[in-house]
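Peer 1: what shape does this take:
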Amino acid sequence: MSIDYISSRPSMGPPVRSRFRAAHRNGGGRLARPSPHHSIASFRAPDQGSRTRSTRRGRRSIIVKNGVIIMRTGKADLLATVLTAAAGLAAASGVAAAAEPPPPAADACASLQGQPFGKGVAILSAKRVAAVAPRDQVNAHGWRISSAIPAHCRVDGIIGARKGAGGKDYGIRFSLALPDAWAGRFLLQGGGGLNGSVLDPVGPVAADGRPALARGFAVISHDSGHEGAVFDGTFMVDQRAALDFAEASVETATQVGKAITGAYYARPIAHSYMAGCSTGGREAMLAFQRYPELFDGIIVGAPAMRTGDSNLAIAYTQVLFNQAAPKGPDGKPVMAQLLTAADRKTVLDGMLAQCDGIDGLKDGIIENVAQCRFDPAKLQCAGAKTDGCLSAGQVRAMTLAFAGPKDKAGYPIYAPVPYDTGIVATPMGYLPSGAPGPFGPASDATEIDLDARIHELRNNASQRLTDTNYWTNLNTYLDHCGKILFFHGVSDFWFSAFATWDYYERAAKANGKAFTDASRFYMVPGMLHCQGGNAFDQFDMLGAIVDWVEQGKAPEAITAARRAPAKETRPLCPYPAYPRYRGGDAKQAGAFTCTQPEGAVNGSGG
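Peer 2: Prediction:
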């Protein structure tokens, strides 16, 4: 690519964002709404001069390569966005382009290798990938993919390759999939665990088996700046790697991905999205909290937004049950003798007896999460412990654990945990099983000093660095009409769904109607961490947020399905509403109506 010219002259006209706001206030349609990367500056084609080239945030260099306008961010010399001149003006003014350009030439993919896309960006390979026929499969992270995967250009690269602490190689490795039939959309795919590897860039999160790539999105994934096993945290000794994992890689990978996408198709990205669950959900929160201009729509699933607190709650739960467990000859708790299969059935049957029918249908699923008031004390044995009832020690452990840990002053350290059917699952239920977890063998500790632990945690810079639980000022993201969908499995064994709901409530309080009009929160009864469980865990939030962003269709009930039997469906309702059975075929979503609960709502104020 040759550079045609460079300009950094100040603008003589109003910035796009001001024009957009005026149009929006005057009732402009959806085409009048530019994508965030369009809203930064005004653009003119080379043959129209080079006058309008500044922003409200200062000057930006405009570089034109082969008729494509590229704007630099000025940060790390990374290309922030790629726009054709004509399409850039069309998007800014609300005028649709006259015609879709043809797909890239066959050799366009290979030609990306070696091209400069900013300081420190290296394209390691750019190869064609043939289409894959439809087949029902589950990827390495458990996401279902049932649709065909289209032919695409697969770009693998690294940003900022370097030697870091201990002489180890670091840099943000990424993979970008560019479909032949591009829909003009871009998606950043969130990671999982502590990242450390690049997932296939398909965009499977909350897509009901039809991932973003199958819908014509350009999709990028990345390793957040280091290589390693999914829970290997040794990279945190390197400052840049720690910062990239904590937040910076979200912006860096997005900017580079957008630059390559725009250059490849030689036309602007119409809309940008992000979707992730767990660590990917935390990254999605970073997107609207710290990089509010990057995306139009964001899907946040079960975010790992305060892992120090949630891990402390899990440790506290283990201690409570260790205290109640019988002790072996070595004095250590024997968890297998505390919560037997019969005991777990007693808990499940007790929850269903107290909470299942309040949604209008006894079907083994607790839909009215907001008003399930399960009380373990009602299951306590009147005398000696037998099958069918719980001991006083079991009742105490369960009651304290699900209420969440508190310090000596009674202040909550972490949110309460919902009572739900999946808590009895083994080994992935919230009730301890004694089986090894993702961090190794279960603890046999019988004491814990919560005040000392929380003091240590509050002063742990590495832990606080990754938290996304606190920042609630979202006016910039909301000002450009950004949309957010949250979802969380009620039986999540790792992060409490009430912790995410607590953030949602605080964000609503901080931003008011602007936030509640632009966001929805969905509880998924029975679902474990991100997916799985006795649940309707197959749902298309990706399609819902696209319709909301691009057509103004705000979602309410979202139809969800079981993995098996596949034809059974149920609506997900914006919390605290729940699907109430109103009659008819209980296996079909149409038999239910989203209903607001009466009285206090579980999780609120927690």
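Peer 1: could you look up the SS state of the most far-flung residue of the chain relative to its centre?
Peer 2: The centre of the chain is farthest from one residue, residue 383, which by CA atoms, centre = their mean lies 47.5 Å away. Using DSSP: H, G, I helix; E, B strand; the rest coil, the structure places residue 383 in coil.
Peer 1: any idea how far residue 376 is from it?
Peer 2: Applying CB to CB, to the nearest Å, the value for residue 383 to residue 376 is 17 Å. For the C-beta atoms, the positions are set from N, CA and C on the backbone; glycine is no exception.
Peer 1: show me where pLDDT drops low in the chain?
Peer 2: By pLDDT under 70, the weakly predicted segments of the chain are 1-101, 140-141, 437-440, 605-606.
Peer 1: repeat that with 90
Peer 2: Applying pLDDT under 90 to the chain flags the ranges 1-107, 114-116, 118, 133-147, 335-337, 426-428, 432-443, 462-463, 563-567, 604-606.
Peer 1: could you list the domains of it?
Peer 2: 1-100, 114-269, 308-458 (automatic domain parsing).
Peer 1: as a check, name the ranges of all helices in this structure.
Peer 2: Under the criterion DSSP state H, the chain contains helices at 16-25, 85-93, 239-243, 249-265, 279-290, 307-324, 341-355, 392-403, 450-458, 461-465, 475-479, 497-511, 513-517, 541-551.
Peer 1: how about those, which one is nearest residue 185?
Peer 2: Residue 185 lies closest to helix 541-551 among the helices of the chain, at 7.4 Å (CB to CB).
Peer 1: burial of the closest residue to residue 587 other than its chain neighbours, as a residue count?
Peer 2: Excluding its sequence neighbours, the residue lying closest to residue 587 (CB to CB, 6 or more residues apart in numbering) is residue 568, at 4.5 Å. Neighbourhood size, residue 568 [other CB atoms under 10 Å]: 16.
Peer 1: looks like residue 568 contacts residue 585 (just checking).
Peer 2: No. The pair residue 568 / residue 585 is not scored as a contact, 9.7 Å apart, by CB atoms under 8 Å.
Peer 1: which residues touch the residue nearest to residue 587?
Peer 2: Contact analysis of residue 568 by CB atoms under 8 Å, 6 or more residues apart in numbering lists 536, 561-562, 587-588.
Peer 1: got a winner among these for most neighbours?
Peer 2: residue 536 (24 neighbours).
Peer 1: give me every residue that touches that residue.
Peer 2: 524-527, 560-562, 568-570, 572.
Peer 1: can you tell me how far it sits from residue 503?
Peer 2: As defined by CB to CB, residue 536 lies at a distance of 24 Å from residue 503.
Peer 1: how about residue 373?
Peer 2: On the measure of CB to CB, residue 373 and residue 503 end up 23 Å apart.
Peer 1: who has more neighbours out of the two?
Peer 2: residue 503 (22 against 11).
Peer 1: wait, that one sits on residue 469?
Peer 2: Yes. When contacts are counted by CB under 8 Å, residue 503 is listed as touching residue 469 (6.0 Å).
Peer 1: what's the overlap in contacts for those two?
Peer 2: residue 305.
Peer 1: for beta bridges, what are the partners of the spatially closest residue to residue 595 that is not a sequence neighbour?
Peer 2: Take residue 595 and drop its neighbours on the chain: the residue closest to it by CB to CB, 6+ apart is residue 580, 4.0 Å away. Residues in a beta bridge with residue 580, per DSSP bridges, are residue 593.
Peer 1: who's in contact with residue 580?
Peer 2: Contacts for residue 580 (CB under 8 Å, 6+ apart) come out as 359-360, 367-368, 592-595.
Peer 1: which of those residues has the largest number of neighbours?
Peer 2: Neighbour counts for the contacts of residue 580, by other CB under 10 Å, peak at residue 367, which reaches 28 neighbours.
Peer 1: burial of the closest residue to residue 220 other than its chain neighbours, as a residue count?
Peer 2: Closest residue to residue 220 apart from its sequence neighbours, by CB to CB, 6+ apart: residue 257 at 3.7 Å. Residue 257 sits with 28 neighbouring residues when counted by other CB under 10 Å.
Peer 1: pretty sure residue 257 is touching residue 178, no?
Peer 2: No. Using CB under 8 Å, residue 257 makes no contact with residue 178, being 9.7 Å away.
Peer 1: tell me, what's touching the two both at once?
Peer 2: The contact sets of residue 257 and residue 178 overlap at residue 218 (CB under 8 Å, 6+ apart).
Peer 1: list the contacts for the closest residue to residue 209 other than its chain neighbours?
Peer 2: In space, and not counting its chain neighbours, residue 209 is closest to residue 146: 3.6 Å by CB to CB, 6+ apart. Residue 146 is in contact with 134-137, 209-210, counting by CB under 8 Å, 6+ apart.
Peer 1: derive a PyMOL selection command for the buried subset of those residues.
Peer 2: Buried members of the contacts of residue 146 can be picked out in PyMOL with the line below, counting by 16 or more other CB atoms under 10 Å:
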select buried, resi 209+210
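Peer 1: looking at the contacts of residue 146, which is nearest residue 435?
Peer 2: Among these, and counting by CB to CB, the member closest to residue 435 is residue 137, at 27.2 Å.
Peer 1: I'd say that closest one and residue 147 touch.
Peer 2: No. Assessed by CB under 8 Å, residue 137 is found out of contact with residue 147, at 10.4 Å.
Peer 1: so which of the helices of the chain is nearest residue 488?
Peer 2: Residue 488 lies closest to helix 497-511 among the helices of the chain, at 4.0 Å (CB to CB).
Peer 1: now the closest one: buried residues?
Peer 2: 497-505, 507-508, 511.
Peer 1: what does stretch 218-233 give?
Peer 2: Result for stretch 218-233 [16+ other CB under 10 Å]: buried residues 218-228.
Peer 1: if we only consider these, which is nearest to residue 402?
Peer 2: Among these, and counting by CB to CB, the member closest to residue 402 is residue 224, at 32.7 Å.
Peer 1: distance check, the closest one against residue 165.
Peer 2: Per CB to CB, residue 224 is found 16 Å from residue 165.
Peer 1: what do you get for residue 225?
Peer 2: The gap separating residue 225 from residue 165 is 12 Å, by CB to CB.
Peer 1: again with residue 292
Peer 2: Taking CB to CB, one finds residue 292 at 32 Å from residue 165.
Peer 1: these two - which one has more neighbours?
Peer 2: Using other CB under 10 Å, the more surrounded residue of residue 292 and residue 165 is residue 292, with 18 against 15.
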